[in-house]
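Enquirer: pasting the sequence and the predicted model now:
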Amino acid sequence: MTENATGTAGATASPSPRPVIVAGVDGSPTSRDALLWAAEEARLRGAVLRVVCGWEWSSPFNLIGPALEHAAPDAGTPSMEELTRTRTEELITQTLGEEPGVPVEVRVVQGPATGVLVEASEGATLIVVGTRGHSGLKGAVLGSVSRHVTQHARCNVVVVRGRRDTAEGE
């Protein structure tokens, strides 16, 4: 009898799990472009699309930011995590439609986007992020988050620059 990778004699290997494509989003037009790109890649590869959004009290993607710090816990006010999850789910629906054509997981994690995305890259096949688009020389330079992800991710990275009509500042 031979042993398989798990060390059990005669056992059959289970089918490998579906690959995971991570899309980092923050609500910006270029993150929407990255989400579209990642969804198409997930469809082509038969992968799961994992949409990840890191949030902090100072994040511009959050609706009301630090005001929630002072809300009474029993005031019926949704938590920052709940608000960010709702906004992320709305972004997915607005960008990909009601039926995105691939399985979608949503992960909303408290912390700086750089750390959250690098952690999300662990075990993924690919991570896709946008970069703040600019024209000219600025356009050749990646944003701080996308630069950090390209340097520290634990999988392949695609940086979607965004279309000229969706680039911020133009």
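Expert: Thanks, I have the structure now.
Enquirer: show the backbone phi and psi for residue 28.
Expert: Listed backbone geometry of residue 28 is phi -80, psi 160, with angles given as degrees, to the nearest 10.
Enquirer: tell me how far it lies from residue 160.
Expert: Remark: distance between residue 28 and residue 160 (C-beta to C-beta, to the nearest Å) = 11 Å. Where C-beta positions appear, they are placed from N, C-alpha and C, glycine not excepted.
Enquirer: overlap in contacts, these two.
Expert: With contacts defined as C-beta atoms under 8 Å, 6 or more residues apart in numbering, the residues adjacent to both residue 28 and residue 160 are residue 130.
Enquirer: what stretches of the protein score poorly on pLDDT?
Expert: The model of the chain has pLDDT under 70 over residues 1-16, 58-76, 133-142, 162-170.
Enquirer: mind doing that once more with 80?
Expert: Judged by pLDDT under 80, the chain has its weakly predicted residues at 1-16, 57-78, 132-143, 162-170.
Enquirer: residue boundaries of the strands in it?
Expert: Under the criterion DSSP state E, strands of the chain are mapped to 20-24, 48-55, 104-110, 126-130, 156-160.
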